[in-house]
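K.L.:
okay, sequence plus prediction incoming.
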Amino acid sequence: MRVVVLAGGISTEREVSLSSGKMIYEALKKNGHQVILLDVYLGYTGDDTEYIFEKEEDWVKEIGAVGEKNPDIEAVKALRADGDRNFFGPNVITLCQAADVVFMALHGENGENGKIQACFDLMGIRYTGTDYLSSALCMDKGLAKELFDYHGIPTPKGVRLGRGEADARSVPFPCIVKACCGGSSVGVCVARNEEEYGLALQEGFRYDREVIIEQYIKGREFSVGVMDGRALPVIEIAPLNGFYDYKNKYQAGSTVETCPALLSERKTKEMQHLAEQVFRVLRLKNYARMDFMMSEEEEIFCLEANTLPGMTPTSLLPQEAKAIGMSFEELCERILEASLEPDA
């Protein structure tokens, strides 16, 4: 099968996306597919796009370690003079149309807000993951929380605040402040007092025009992947220092991850059931990953859904799949196969 692994872009999760893309590329190669790894924003400037799938071994460059610091997106934008007029890099659409399917290894705003999926739908390009509508619903954390509330899915209390709006904070300290449409915990802060709250708002507004101010849940953090509507084993995430921020997510050794999580059978089933319910409520397809907190009183709260979860060496979904005997190569193949099913 001819596959484009689409990665990179100009979201705050660019580095993570490139790391995911490299792993997916290597797995699909092992599975016998003709694969190219393509940066959605930088594209390919060569003249031989017609034959590119036969030369795919020249396409992968070593991707450096992620998690050291937030990526310099402005430096990436400076590599293209026309980037403000066309998000897609040179020959990206041509190569995606030539493929049998595009494996979406994008993370963050540019890959998970539904815009690329909508474009591909109009062009008849098949892709992995969920569709444009569910992508948009999940990317907007404020809207997703409203749907959780409407359908009775427990979620931390929170309010949305736009840049320049009057701030009548109704969430007590400590609270979480995060960009409304961010990802990988970029722009997420814990505020324990007014000074920290002011700094947290500044950080959140660096990444979005709106932020979510949310109830802080003290307890344990978990994640549950869902594939084709069925939950995978629960994984627990326990950072050695601080909370599960960008650094702790992607630097090896920063977090202790336990899968299956050490939970009672009742709590395990409750969390898996909630993950499947979120999958349905947000109209997700193919696969996704839901994040949860469990309070010290063992109340479970859904934080959000991730429509294109990370596929890096430290990512959670591959660990959950491994817990049921599914190798990384098998996981990538299952995701690829699901995208080609009639109702995908």
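P.N.:
Here it is on my side, so go on. Numbering: from 1, shown residues only.
K.L.:
what strand or helix carries Leu143?
P.N.:
Per DSSP states H and E: Leu143 is located in helix 141-150.
K.L.:
could I have the CA atoms of the following helix or strand past that helix written out in PDB?
P.N.:
The first helix or strand that comes after helix 141-150 along the chain, using DSSP H and E, is strand 158-162. Output of strand 158-162 as PDB, limited to C-alpha atoms (Å, rounded to 0.1, in the frame of the first residue of the first chain):
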ATOM      1  CA  GLY A 158     -14.600  25.200  34.600                       C
ATOM      2  CA  VAL A 159     -15.300  28.500  32.700                       C
ATOM      3  CA  ARG A 160     -14.100  29.900  29.400                       C
ATOM      4  CA  LEU A 161     -12.400  33.300  29.300                       C
ATOM      5  CA  GLY A 162     -11.500  35.300  26.200                       C
END
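K.L.:
and the next helix or strand after strand 158-162, which strands flank it?
P.N.:
Next along the chain after strand 158-162, taking DSSP H and E as the criterion, comes strand 175-179. Strand 175-179 has its sheet partners listed here by DSSP bridges as strand 189-191 (antiparallel), strand 210-215 (antiparallel).
K.L.:
quick one, which of those strands is packed in tightest?
P.N.:
With neighbours taken as mean count of other C-beta atoms under 10 Å, the strands paired with strand 175-179 reach their highest mean count in strand 210-215, at a mean of 22. In short, each C-beta sits where N, CA and C put it, glycine included.
K.L.:
any idea how far Gly8 lies from Glu15?
P.N.:
According to C-beta to C-beta, to the nearest Å, Gly8 stands 9 Å off from Glu15.
K.L.:
my bad, Asn193
P.N.:
32 Å.
K.L.:
Ser20 touches Leu317, doesn't it?
P.N.:
No. Taking contacts as C-beta atoms under 8 Å, Ser20 lies outside contact range of Leu317: 10.2 Å.
K.L.:
more neighbours: the two, which one.
P.N.:
Between Ser20 and Leu317, Ser20 has the larger neighbour count (other C-beta atoms under 10 Å), namely 28 against 25.
K.L.:
kindly state the pLDDT recorded for Ala179?
P.N.:
At Ala179, the pLDDT value in this model is 88.
K.L.:
my guess is it contacts Val188, does it?
P.N.:
Yes. Counting by C-beta under 8 Å, Ala179 touches Val188, with 7.4 Å between them.
K.L.:
tell me, what's touching these two both at once?
P.N.:
Common neighbours of Ala179 and Val188, using C-beta atoms under 8 Å, 6 or more residues apart in numbering, are Gly204.
K.L.:
next, count neighbours for the residue nearest to Tyr44 when sequence neighbours are not counted.
P.N.:
Nearest non-adjacent residue to Tyr44, counting by C-beta to C-beta, 6 or more residues apart in numbering: Asn91, 4.7 Å away. Neighbours of Asn91 under the rule other C-beta under 10 Å: 17.
K.L.:
so Asn91 versus Gly111, what's the distance?
P.N.:
For Asn91 relative to Gly111 (C-beta to C-beta), the value is 18 Å.
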